[in-house]
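Trainee: generate a structure from the sequence data that follows.
(chains A and B)
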Amino acid sequence: MGRKTLASALLTAAMLTVAGCGGGGAATGETAAAPADPGDASGEITVLTHRTDLVQNGTMKRYAAEFNKTYPKVKVKFEGITDYEGEVKIRMNTENYGDVLMIPAAIAKNNYPKFFAPLGDSAELSKKYRFSDKTEVGGKVYGIASFGTANGFLYNKAVWKKAGITDWPTTPEQFLKDLQAVKSRTDAIPYYTNFKDGWPLSSPWTNSIGSVTCDAKAGDKLATSAAPWAKGSDLNTIDTLLYDIVHRKLSEQDPTTTNWESSKNLLAKGEVSSMLLGSWAVAQVQDAAKKAGADPDDIGFMPFPAQRDGRFCATLASDYQQAVNIHSEHKPAARAWIDWFTEKSGYAQQEGGVSALRTAALPKSLKPYTDNDVRLIERSEVKTAQVNAIDDAAEIGLAKHDYRQKLIDTARGAQQGSLDDFFADLDKRWNEAAKTAGS
Amino acid sequence: MTKTTNRATAHSAGTAVSPPGRTAIPSGPPASPPRSWRSHPLRRATPWLFLVVPLALLITFTYVPVGNMLYYSFTDWDGVSPTRNFTGVDNYKQLFTRPELFRVFFVSFYYLAASVVQIAIALYFATVLSFDLRFRNFFKGILFFPYLINGVAIGFVFLYFFQDGGTLDSVLSWFGADTGHAWLGDPESANTSLAGVSVWRFTGLNFVLFLGAIQSIPGELYEAAQLDGASRWQQFRHIIAPSIKPVLSLSVILAVSGSLAVFEIPYIMTGGATGTSTFVIQTVKLAFQFNKTGLASAAAVVLLLIILLITWIQRRLVPDERVDLV
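Mentor: Alright, predicted model coming up:
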C-alpha cells in the first residue's frame, strides 16, 4: 500500500509538472501606440518599478496625478519591487507582469519580441530617443530608456582642496597620486569601494568601458575580443585602477562591512573623499550633505581619469528601459504612460539623469562635464546581446560585482594571486566562452 | 481453497451458497444485510479525505517543484525564456568536469567543525538545565531565543557586530584587547566568524531537542542511581547519554546536511565574497546571475543526492537501535 501511495503521488507530481510546463498563450505582435486623442486611452494599468522609495514616499502617485490631467480615463497603479531583477524574472514566466515594466537584465535580447509589444520602428524612434538601439530587435524597438547616466567620480571638493589638489587628474596614475595626497594630508578615507553592497563595484565601473579610450563601440568590441583584459584595453585600465587603489591602501580599512546608505553621509561630510558612481548619485549625496549640515556645493563630479586628444570622455549608458507587456489589455494606455513619463514627467531631470529624449537639456548634475568640455559619448548597444551571452557562459559577470570583489580581495591580500594572473584567468574564461556562445 | 469460498460468500450473500444461518428467509429477492458504517465504502475513503489537504499541499509545494527541478536539470533553460531545449545529461557532465564547482565544499568544513561545538554546547546546557536549578526556565528561554529570530535579521545584526569598530571590537576594547582586526576580511577569519554566528543561531534548536529527550527519562532512574552513589558524570554517562542517542544521531544528520547546505547567513553577510561562498550560494548565483537555471538545477539535484548518500552512510554506521534503559 505504502509503495502504491508513493507511486501515485509521484505520478501526480509528474503530471502536474508537465501541466506546469505548458501555459503561455500566443500573443500578437501589434505595435503599442499611444492614441491620437488622449481621451481615448482608458483602463487600469500596472507599472512595475524598482524604485520602491518613490512608490513609498508618494512621488510616483504625484506623477500619476499629473498624468491624469492629460489622460483622465487611465488609472495608473504602481508596484514597487525591492528585488526587482529576481522577482520580475520569475513573474515573466506567467503573463502577469504588469502593463508597463522595466526590462530585467536577465531577459535575452532576442526574446524581447516574445515578452514585449513593439513600440515602433527603430529608424523612426532612434531619431527621437537616445539609447533606443539597446532594445532594437529586427528593426523594431521594444523599450524606451527611463533615463541615461554618465559615470564619474563623486568627490568632496573641500577635502581635495585641503589636500592641495585643484585640477582633475588626467591619468590613473595621477588619480592615485591625488588619493595618496588626500590620505597623507587629510583624515579622510581617499576612496570608498562599497564592497559589501556590491553594485557600486559593478555598473559604475563597467559602464566606464568606453570612457577610457573614448570609443562608443568599446562595449560592442568585447563580442569579438579574444582578450578583453589585455594591456591598454578599457577593462584593463579600469580594473587596474581599482586594484591599485586597494593595493596601495587608499580605500576603507575593512571593505567587508561597508554600507551604501551611510557611505553617502561619509562622502557628504568629507570623511570619504571619492566614490565612482553615476551622475544620478550627485543629487542623493547633495541631499545627504544638506541633511548633515554640510555644503552641498562641495560635492563634485569628475570624469574617469583618462584623456584622449586632450579631452575627457564619459560614456552615456541607459538605465532600465521601459517596455509594454505583450499580454497587456491596455496597450495604448501603457504606451501613453511611457511616452508621458519619459518626455513630460521631468523624472530624468529630477533624478539627475540624462533624458532619453534627444531634445531635452542635460541635467544639472552634469554641469561640471559640460563646463569642462567633457565629451559625452552614447554607448553603442548593437552587440550587447552577444556580449551578455559570452559573459553569462563565462560566468564572469561584467555587470555583477563578484569578480571585482575577488579583484579587491586579491589586491588586499585576502586571496592569493597576482593581478596579471587574475586578468589572464578572466581572458581565458572569456575566450573559451566566446567560442561556444555569442556567435 | 477456503479463501475462494469466503470470497464467494461475501459476494453473493443470500444466494445458493449462503451459510446455513441465512436460509431462514427463503422467499423474495435476497435481502442484503443492513449496511452499517463499518462496511460503507466511504469509510475506507475517510482517512484519505482527511489527508487530502496536507497531501495536496505537500505535492504542490514539494513534489511538483522537485519534479520541475529534475526536469530543468536536463534542459538548457535560462530561467525566463519561453523555449528550452532538452540537453540530456549535459548539465551533469559539465558539473562533474568542473572540479572548481566542488571546491566550495571546503567551506562546509568550517560549519561542520562549528556544529560539533554546537552539539557539545547544546548537550552541556541541556544536561545542566535538566537538573533542578534556579532560573532554569529563564536560561532555557535565553538559549532557545536566537533560533526564533529570522535568519536574515541575524545576518544584519551580526554585520554590525563584526563591523570595523562594531560591537565585537568595542567589547574587546573594554578588556584592552587589540582591535582593528577585520573579522570578515580574510577567508579564514570570515568563515570562522560566520560559522560562529551559525552556532549562536542553531544551538537553541539542538538544546531543545536534547532537553526534550532528557526530560522523558523517568525520574526513578536518577533516584536509583543516586542511591547507588552515582556521581553526576556517571548519571550522564550511563543514563542520559544512552537514552538520547536517537536524538543525538538525528542532530548529527541535521548538522551534516546543514553544513553542506549553508545559505542564509553567509549570503546576507558577505554575499559569498572573500572565500565564503558555499555550494548553495554558488548554485543561486549560477541560476540568477548567469541565467544557467538548467545547470543550477543539476547542481541542486547533486547536492540532494550527496546529502541522501551521507545520511544513508551515517545510518549504516550508527544503526538506530532500540534504547532500553530498564
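
Trainee: tell me, how many residues neighbour residue 185?
Mentor: Chain wasn't specified; assuming chain A. 13 (other C-beta atoms under 10 Å in any protein chain shown). For every residue, glycine as well, the C-beta is placed using N, CA and C.

Trainee: please refer instead to chain B.
Mentor: For residue B:185, using other C-beta under 10 Å, the count is 22.

Trainee: does it really touch residue A:415, like I thought?
Mentor: No. If you go by C-beta atoms under 8 Å, residue B:185 and residue A:415 don't touch, sitting 11.0 Å apart.

Trainee: now do the shared contacts for these two.
Mentor: Listed as contacting both residue B:185 and residue A:415 by C-beta atoms under 8 Å, 6 or more residues apart in numbering or on different chains are residue B:274.

Trainee: what about chain A, any weak spots by pLDDT?
Mentor: The model of chain A has pLDDT under 70 over residues A:1-29, A:438-439.

Trainee: who in the stretch 151-300 of chain A is up against chain B?
Mentor: A:195, A:196, A:198, A:252, A:253, A:254, A:255, A:256, A:257 (C-beta under 8 Å from any C-beta of the partner chain).

Trainee: contacts only, for residue A:178.
Mentor: Counting by C-beta under 8 Å, 6+ apart, residue A:178 has contacts A:160, A:163, A:165, A:169.

Trainee: SS state for the first one?
Mentor: In this case it means residue A:160. helix (DSSP: H, G, I helix; E, B strand; the rest coil).

Trainee: pretty sure it contacts residue A:270?
Mentor: No. Taking C-beta under 8 Å as the definition, residue A:160 is not a contact partner of residue A:270, at 9.6 Å.

Trainee: more neighbours, the two?
Mentor: Between residue A:160 and residue A:270, counted using other C-beta under 10 Å, the more crowded position is residue A:160 (26 against 22).

Trainee: contacting residues for that one?
Mentor: With C-beta under 8 Å, 6+ apart, residue A:160 has these contacts: A:166, A:178, A:182, A:273, A:300.

Trainee: now the residues you listed: which count as buried?
Mentor: Applying 16 or more other C-beta atoms under 10 Å in any protein chain shown to those, the neighbour count classes A:178, A:182, A:273, A:300 as buried.

Trainee: is it true that the last one lies in a strand?
Mentor: Yep, that's residue A:300 we're talking about. Yes. Assigned with three-state DSSP, residue A:300 falls within a strand.

Trainee: for it, which residues count as its bridge partners?
Mentor: residue A:155 (DSSP bridges).

Trainee: about what we covered before: show me how to select, in PyMOL, the buried members of the contacts of residue A:178.
Mentor: Buried members of the contacts of residue A:178, defined by 16+ other C-beta under 10 Å, are picked up in PyMOL with:
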select buried, chain A and resi 160+163+165+169
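
Trainee: from the contacts of residue A:178, pick the one nearest chain B.
Mentor: Relative to chain B, the closest of the contacts of residue A:178 is residue A:163; by C-beta to the nearest C-beta it sits at 23.0 Å.

Trainee: what's near enough to touch that closest one?
Mentor: Contacts of residue A:163 by C-beta under 8 Å, 6+ apart are A:178, A:181, A:182, A:184, A:185, A:186, A:273.

Trainee: picking that back up, and which of the residues of the stretch 151-300 of chain A next to chain B is nearest to residue B:76?
Mentor: Residue B:76 has its nearest neighbour among these in residue A:198, at 27.4 Å by C-beta to C-beta.

Trainee: alright, calling it a day.
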